[in-house]
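>>> A predicted structure for the sequence below; I have some questions about it.
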Amino acid sequence: MRTVKYGDTSIIATVYTELFGVQAYIVKGVRQSSKKTQGKASYFQPSAILEMEVYHNEMKHLQFVKEYQWNYLYERLLFDVVRNAVASYVIELLLHSLKEPEANPELFYLIEDTLKQIDRGSDTLVSNLPIYFTLHLSSELGFQIQGEYTVATPVLDLQQGFFTESIPSHPYYIEGALSQTISQINAIQFYNELDNIKLNREVRRQLLQYMQQYFALHIHDFGEIRSMVVLQEILS
């Protein structure tokens, strides 16, 4: 979710929804200083998970929100520096990756489940989640990494998106232990399996950089993920 000010008292919130994909909503009055609206702006923090009743018109770029309430109340994500940084990365990655408004229920559930896991998962799980989420997001967007690391296929070709036997002619590839780790995380289906992946800060930093390169190769005008700098600093 991303918000910008609209008029004197309202906001426009860009939201990923289950039914309509990416949509922009005018939320009236949330910036007013009154008892009725006090605290309403907190509902539209970037990682908020809400239930919303909306007016939807496919012919319009801006929609309206009628009612909204919490769907999930965070316990740690909003107050823990590491968890908040991981959530910020997830949200920014989505903003750079989702170019069309189409609905994708599987992607919606991936986002929702990931944010909940950031809130309640172990420290190790949360530290590994950015890599896991990036890999699984690529699958939902149609450019999943194919194959796996083996003795016969030890090189991950980022441009082609598959494991191969030899180093390609271009510079976009991973080999060795990093390639093996990507293969291991890419095969994970359940979040709790991330607890078994022990990585240090430098390995996570390198893997995330390679994943950003992978997305830039497959998404036109992908841009730079600014939250990466903070994320790489705090993940140990």
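Arrived safely, thanks for sending.

>>> Just the buried positions in the strand of greatest length in the chain, please.
Secondary structure of the chain per DSSP state E: the longest strand is strand 62-72. Within strand 62-72, the residues scored as buried using 16 or more other Cβ atoms under 10 Å are 63, 65, 68. C-beta: built from backbone N, CA, C; applies to glycine.

>>> Now flag whichever of the residues you listed is closest to residue 137.
Nearest to residue 137 among the buried residues of strand 62-72 is residue 63, at 24.4 Å by Cβ to Cβ.

>>> Could I get the phi/psi values of the residue nearest to the closest one when sequence neighbours are not counted?
Distances taken as Cβ to Cβ, 6 or more residues apart in numbering put residue 25 closest to residue 63, at 5.0 Å, once the chain neighbours are dropped. Per-residue torsions, residue 25: phi -120, psi 140 (degrees, to the nearest 10).

>>> for the residue nearest the centre of the chain, helix, strand, or coil?
Residue closest to the mean C-alpha point of the chain, counted by Cα atoms, centre = their mean, is residue 90 at 2.6 Å. Three-state call for residue 90 (DSSP: H, G, I helix; E, B strand; the rest coil): helix.

>>> wait, it sits on residue 116?
No: between residue 90 and residue 116 there is no contact under Cβ atoms under 8 Å: 11.6 Å.

>>> quick one, phi/psi of residue 164?
Torsion angles at residue 164 (phi, psi; degrees, to the nearest 10) stand at phi -140, psi 170.

>>> For the remainder of this discussion, apply numbering that starts at 19.
With the count now opening at 19, the last piece we talked about shows up as residue 182.

>>> pLDDT score assigned to it?
Residue 182 is assigned 98 on the pLDDT scale.

>>> follow-up on the earlier one: mind listing the residues bridging to the residue nearest to residue 81?
Assessed by DSSP bridges, residue 43 has beta-bridge partners residue 31, residue 81.

>>> Tell me how far it lies from residue 115.
Distance of residue 43 to residue 115, computed by Cβ to Cβ, to the nearest Å: 20 Å.

>>> can you map out the helices along the chain?
Secondary structure of the chain by DSSP state H: the helices cover 99-115, 123-138, 141-158, 194-204, 219-236, 245-252.

>>> quick one: buried residues of the third one?
I take that to be helix 141-158. The neighbour-count check on helix 141-158 (16+ other Cβ under 10 Å) flags 143-156, 158 as buried.

>>> cool, and the fourth one?
Of the residues in helix 194-204, those buried under the neighbour-count criterion (16+ other Cβ under 10 Å) are 197-201, 203-204.

>>> How is this protein divided into domains?
Taking automatic domain parsing as the criterion, the chain consists of the domains 19-91, 93-254.

>>> and these, which one's lowest on average pLDDT?
domain 19-91 (a mean of 88).

>>> re earlier: residue 43 and residue 115 - which one has more neighbours?
Shown here are residue 43 and residue 115; by other Cβ atoms under 10 Å, residue 43 has more neighbours (24 against 19).

>>> For residue 175, see how far away the residue lying closest to residue 222 once chain neighbours are set aside is.
Counting by Cβ to Cβ, 6+ apart, residue 253 is the residue found nearest to residue 222 once chain neighbours are left out, at 5.1 Å. Using Cβ to Cβ, we find residue 253 at a distance of 26 Å from residue 175.

>>> now do residue 89
When Cβ to Cβ is the yardstick, residue 89 and residue 175 sit 40 Å from each other.

>>> can you check residue 160 too?
17 Å.

>>> And residue 50, by the same measure?
Remark: distance between residue 50 and residue 175 (Cβ to Cβ) = 54 Å.

>>> Could you check which of those two has the larger neighbour count?
Using other Cβ under 10 Å as the criterion, residue 50 and residue 175 rank with residue 175 on top: 22 against 15.
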